[in-house]
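>>> Below are the sequence and a predicted model for it; my questions follow.
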Amino acid sequence: MWAQEIQLAHGFSDRKPRVLPSLLVSKANRTGKPVTLSGLIIARLSVVQELVIAYSTLAMTVGLAVSRPRVGANGFRVTPGIAAIIGVVALLVAGLLKVQDLATSATIQWRPLLALTCIMVMTGAVKEVGAFERVALWMEAKARTTPATTAFTMVFVASAVTPSLLNNDAAILLLTPVVIGLSRRLYPNNARILEAFVFAVFLAPGVAPFIISNPMNMIVAEFAGVGFNAYAAIMAPISVAGALVTYAILRIHYRNVLTNAVSDQRPVEMPKAHRAERPALVLLLIVFCSYPAMAAFGGPIWLVAVFGALACMAMVRQYRVATARKIASHVSLDILAFLWGVFLVVVGLRNVGVVDRLSALYQAQPPGPQQLAVIGGVAALGSAIVDNHPMSILNMLALGPASSHKPLLAALVGGDIGPRLLPIGSLAGLLWVDLLRRAGIEVSVGKFVRLGTLVLIPTLAVSLALLYLL
């Protein structure tokens, strides 16, 4: 459907990757001018300089996005979106990006970014009517009369389903504080069970079952021309299988904690539902069911998100849930800026030959399980180290819109699961850690890595094996 834009994506600008001084030799052969040793040395130094600039810019962008430092006398916070914009500006100044690249990026990204914006609006509307808080209180009421294992299961299921219907970043923002409060009320002064519950929130969302479940997957699927239904037919079963593996590992890991925990038995008072709660939930269900229907008729799924957001705004106004400004405040311009900017930072890496090297590694593998394993493994490790957003774009450009979607889906599988290894691996991970810190909960890097590795390896293996079989 987007063939012209996909072709543009392979040539963001006329600037070609400069990876070897042999380019100077070929140019000399065409012009008839002799090649000097000094010319070769200068060409080599120029290539090295560009590589250093490109890698340093990526490191700076990711570092600033992760650390979110305060600068200046007023303590101005450098957010992920600002970090990505700084990276783009640095590459423009260095000449590794052109204005044409910005236009091409906007051409490719505007649909998924618009859809993501609309999903944020719908999420905000549902949150404002108090639906999530009432669901949490319902879970709490059930948990007070059942074993801790049942409460853990409910938290895990909610943490797996919510990002599937909305997106993983929104789900982390919504569920993490709710689950922290629930755990502290149910099991006062029990740090270990609190740890089990918050890890369930972060680890339950694995492979995104639908395109809308992960912002980067929306961009990659748009680039590759993978439709909503074609994506879901393969990735939804993989997501379910991965979730089952993750749940089993967490249940075994925290078995003693969950078995010995005793909940507070005091009854929970359920507040009266807002009169807009049922219409909001029905509208959200209609929107979700409209995605596959629209895809089946070859229509754009972003249009469904737009109409859903407009309907939510009309509902909010009719039932006087909140002002338009309040609903709009749920749209994170910073996240949108980060997604746009980090895309361009990776284009800068492409212009110095990084994408070519990654593409050569993948093409060297024979088609089949070995290639999927290499792609998925590299994507997972790369996502954990440099964040899954730039890694997903690197893989997208390296693999291209090939006739078979499985290599690209393997990269998305690795990109979705890889952030379990390190908290810097995803924006959702950074948000999760920040929310924990605000609540006075510290999770050491060592503990994160140990549990993340325990979950990552079997989940990645099962997911890639199932991808090969489907």
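Looks like it arrived, so ask away.
>>> Now do the same contact list for the residue nearest to Arg420 when sequence neighbours are not counted.
The shortest distance from Arg420 to any non-neighbouring residue, by CB to CB, 6 or more residues apart in numbering, is to Gly452 (4.3 Å). Any C-beta I mention is one placed from the backbone N, CA and C, and that applies to glycine too. Counting by CB atoms under 8 Å, 6 or more residues apart in numbering, Gly452 touches 203, 420-422.
>>> Ok, Cys312 next?
Neighbouring residues of Cys312 by CB under 8 Å, 6+ apart: 121-122, 125-126, 280, 283, 327.
>>> Next: Ala411.
Applying CB under 8 Å, 6+ apart to Ala411 gives the contacts 220, 375-376, 379, 392, 395-396, 399.
>>> And Val374, by the same measure?
Going by CB under 8 Å, 6+ apart, Val374 touches 361-362, 365.
>>> what do you get for Gln371?
Gln371 neighbours (CB under 8 Å, 6+ apart): 362, 365, 407, 410.
>>> and Ala106, what helix or strand is that in?
In the assignment (DSSP states H and E), Ala106 maps to helix 99-128.
>>> How far does the helix or strand just after that helix sit from its chain's centre?
Tracing the chain past helix 99-128, the next element assigned as helix or strand by DSSP H and E is helix 131-143. In terms of CA atoms, centre = their mean, to the nearest Å, the gap separating the centre of helix 131-143 from the centre of its chain is 27 Å.
>>> Stretch 362-378 too?
22 Å.
>>> Which residue ranges of the stretch 351-470 of the chain form strands?
Remark: strands of the stretch 351-470 of the chain are absent; assignment by DSSP state E, counting those that start in this stretch.
>>> Now do the strands in the stretch 201-350 of the chain.
Going by DSSP E, counting those that start in this stretch, the stretch 201-350 of the chain shows no strands.
>>> what about Phe307, neighbour count?
Phe307: 14 surrounding residues under other CB atoms under 10 Å.
>>> er, Val449 actually
Neighbours around Val449, by other CB under 10 Å: 16.
>>> before we move on, back to that, I'd like the contacts of Ala411 written out as a markdown table, with neighbour count, pLDDT and distance to Leu58 added.
Listed next are the contacts of Ala411 as a markdown table, based on neighbours: other CB atoms under 10 Å; pLDDT from 0 to 100; distance: CB to CB, whole Å:
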| residue | neighbour count | pLDDT | distance to Leu58 |
| --- | --- | --- | --- |
| Val220 | 24 | 83 | 18 |
| Ile375 | 27 | 94 | 20 |
| Gly376 | 26 | 94 | 21 |
| Ala379 | 26 | 93 | 16 |
| Ser392 | 29 | 86 | 14 |
| Asn395 | 29 | 89 | 14 |
| Met396 | 26 | 86 | 16 |
| Leu399 | 24 | 88 | 19 |
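>>> just to revisit the earlier point, filter the contacts of Gln371 down to the buried ones and hand me the PyMOL line.
Burial among the contacts of Gln371 is assessed by 16 or more other CB atoms under 10 Å; the matching PyMOL selection reads:
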select buried, resi 362+407+410
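>>> Now do the contacts for the nearest residue to Ala384 once chain neighbours are set aside.
Distance criterion CB to CB, 6+ apart; nearest residue to Ala384, sequence neighbours excluded, is Leu421 at 3.7 Å. Applying CB under 8 Å, 6+ apart, we find Leu421 in contact with 380-381, 384, 449, 452-453, 456.
>>> Most widely separated two among these?
Across those, no pair lies farther apart than Ala380 and Val449, at 13.6 Å, counting by CB to CB.
>>> Reformat the contacts of Cys312 as a markdown table; add neighbour count, pLDDT and distance to Val48.
What follows is the contacts of Cys312, written out as a markdown table (neighbours: other CB under 10 Å; pLDDT from 0 to 100; distance: CB to CB, whole Å):
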| residue | neighbour count | pLDDT | distance to Val48 |
| --- | --- | --- | --- |
| Val121 | 22 | 90 | 46 |
| Met122 | 25 | 88 | 48 |
| Ala125 | 28 | 88 | 52 |
| Val126 | 23 | 83 | 52 |
| Ala280 | 24 | 88 | 56 |
| Leu283 | 19 | 90 | 56 |
| Ile327 | 23 | 89 | 50 |
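>>> for those residues, which one is nearest Ala171?
Val126 (11.8 Å).
>>> Next, the contact list for the closest one, please.
Contacts of Val126 by CB under 8 Å, 6+ apart are 132, 280-281, 284, 312.
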